[in-house]
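Visitor: predicted structure and sequence below. I'll ask about it afterward.
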Amino acid sequence: MDIVIRPAEPGEYGPLGDITAHAYLQDGLLDFGENDEYLGELKDVAKRAAAAEVLVALRGDELLGGVTFVPSGGPMADIARPGEAEIRMLAVSRAARGRGVGEALVRSCVDRARATEGCVRIVLSTQRTMRSAHRIYERLGFVRTPERDWNPVPHLDDITLLTYELTL
C-alpha cells in the first residue's frame, strides 16, 4: 500500500504531536529531555496548523509521521527569507522508519514550494546528528548553507543548527 501525504486533520493533531515528541526524545535531540521547552512546541500541532501547513503521512489508516511546511514566512518561519518556504519538525514514527516516509514528506513540501507563487527556494534547519534526514535532503538536491547555520539557544554554544536549501 502506498504512502499518502495530505494536510493533517484536527483529530490527528494529538497523535502527530506524540510521534514528533517521541521521535525527538528517542533520538536524543532535546538537550533537556522531557524538561526541554521545545518539547511543548513539538507536541502543539494545533498551534503549528494555525500558522502553517501541517502534513501527515499515512499508510491506510496508520499515521506514520508528519512535517510542518511554512510557505511564506510568518510565526513558524525560523530562517526563511522573502521568496523562501521552510520545512520544520519532520518526524517519522520509529516503526515506520526506513520505509520512505521521510522522503515522501520532504518531496511533498518541495512540490508545495514549487506551487507557491514567488517561491524560489526551500530552506530547513537540522541538527548535526540527524544523519538519515541529511541523506534524504542531499538525495533530493538540497545543499548545505553553512553561512546560514544558527543557534536557537544562544546561551548554549553547542546547539548550532545546520541549514540546507534547495533552489527551485
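Guide: Received, thanks.
Visitor: and R88, how many neighbours?
Guide: Per other CB atoms under 10 Å, the neighbour tally for R88 reads 20. Every residue, glycine included, has its C-beta placed from N, CA and C.
Visitor: from what I can see it touches I122, true?
Guide: No: taking contacts as CB atoms under 8 Å, R88 lies outside contact range of I122: 11.3 Å.
Visitor: what helix or strand is L162 on?
Guide: If you go by DSSP states H and E, L162 is part of strand 162-167.
Visitor: give me the sheet partners of that strand and which way each runs.
Guide: Using DSSP bridges, the strands paired with strand 162-167 in its sheet are strand 121-126 (antiparallel), strand 143-144 (antiparallel).
Visitor: quick check: which ranges of this structure have low pLDDT?
Guide: 1, 27-38, 154-158 (pLDDT under 70).
Visitor: one more time with 80
Guide: Applying pLDDT under 80 to the chain picks out residues 1, 24-40, 152-159.
Visitor: out of the strands paired with strand 162-167, which is the most enclosed?
Guide: strand 121-126 (a mean of 22; mean count of other CB atoms under 10 Å).
Visitor: only alpha carbons, please: show that one as CSV.
Guide: Extracted in CSV, the C-alpha atoms of strand 121-126 (Å, rounded to 0.1, in the frame of the first residue of the first chain):
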residue,chain,number,x,y,z
ARG,A,121,13.9,28.3,-2.7
ILE,A,122,13.1,26.0,0.2
VAL,A,123,15.2,26.0,3.3
LEU,A,124,15.4,24.0,6.5
SER,A,125,17.4,23.6,9.7
THR,A,126,18.6,20.3,11.1
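Visitor: would you mind measuring the gap between the ends of stretch 123-139?
Guide: 15 Å (CA to CA, to the nearest Å).
Visitor: now the strand holding L162 - C-alpha only, CSV.
Guide: The C-alpha coordinates for strand 162-167 follow below in CSV (Å, rounded to 0.1, in the frame of the first residue of the first chain):
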residue,chain,number,x,y,z
LEU,A,162,22.9,23.1,10.2
THR,A,163,21.0,24.6,7.3
TYR,A,164,20.1,23.3,3.8
GLU,A,165,18.5,24.9,0.8
LEU,A,166,17.0,23.8,-2.5
THR,A,167,16.7,26.3,-5.3
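Visitor: what are the ranges of the helices in this protein?
Guide: In the chain, the segments counted as helices under DSSP state H are 13-26, 38-43, 45-51, 101-114, 131-139.
Visitor: any buried residues in the last one, and which?
Guide: Right, helix 131-139. Neighbour-count burial for helix 131-139 flags A133, H134, I136, Y137 (criterion: 16 or more other CB atoms under 10 Å).
Visitor: residue contacts, the second one?
Guide: The neighbours of H134, taking CB atoms under 8 Å, 6 or more residues apart in numbering as the test, are T126, L162, Y164.
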